[in-house]
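Colleague: the following block contains a protein sequence and its predicted model.
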Amino acid sequence: MNETMVCVVGNVATQPVYREPASGPSTRFRLAVTQRYWDREKSAWTDGHTNFFTVWAGRQLAVNVAACVEVGQPVVVQGRLKVRTEVREGQQQWSSADIDAVAIGHDLARGTAAFQRTAKPETPPTAARPEPNWETPQPTGTPGGADTPQHAEV
């Protein structure tokens, strides 16, 4: 509930790595997000600081990312931000920023893409069940019952 959801736009910095452990498919890659600003002195756009994120995708998103995302492509990533700080034995403290992706797509402001829907898995056919008879039979000997005609001609 109290998660930090982010939407970042950047370039794929490493080749996506696809794994299929027992818990389900998973893909990860590094995303480079570089700040750009207008430098008035140079009258040109200038690159600023670059942030790197490790993007994690699971399930069908992992399969699709592995199939169509490559190094250098501009992407938009939406997901949960997780910042971790660790101290390893004999080393300095370091931090990492991971994004557990909910959605990943190509940045169409910088190129085009051809969307193709993934095929749904085949579901086994189910045996046809007969329709239930919802009509309540009338008791015999009552008006409109089984022994009286249903349609009277006038």
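Modeller: Yep, it's here. The model shown is predicted, which means the values in this text are computed figures rather than measured ones.
Colleague: by contact count, what packs against the strand or helix carrying Ala101?
Modeller: Using DSSP states H and E, Ala101 falls within strand 93-106. If contacts are counted by 3 or more CB pairs under 8 Å, 6 or more residues apart in numbering; DSSP states H and E, strand 93-106 sits against strand 5-12, strand 44-58, helix 59-68, strand 74-87. Bear in mind the C-beta positions are built from the backbone N, C-alpha and C, glycine included.
Colleague: deepest-packed of these, please.
Modeller: Counting by mean count of other CB atoms under 10 Å, helix 59-68 has the highest mean neighbour count of the helices and strands packed on strand 93-106, with a mean of 17.
Colleague: one step back: got JSON lines for the helices and strands packed on strand 93-106, with distance to Arg117 too?
Modeller: Converted to JSON lines, the helices and strands packed on strand 93-106 look like this (distance: least, CB to CB, whole Å):
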{"stretch": "strand 5-12", "distance to Arg117": "22"}
{"stretch": "strand 44-58", "distance to Arg117": "18"}
{"stretch": "helix 59-68", "distance to Arg117": "10"}
{"stretch": "strand 74-87", "distance to Arg117": "19"}
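Colleague: relative to Pro130, which of these is closest?
Modeller: With CB to CB, the closest approach to Pro130 among the helices and strands packed on strand 93-106 belongs to helix 59-68: 36.1 Å.
Colleague: many thanks, we can stop here.
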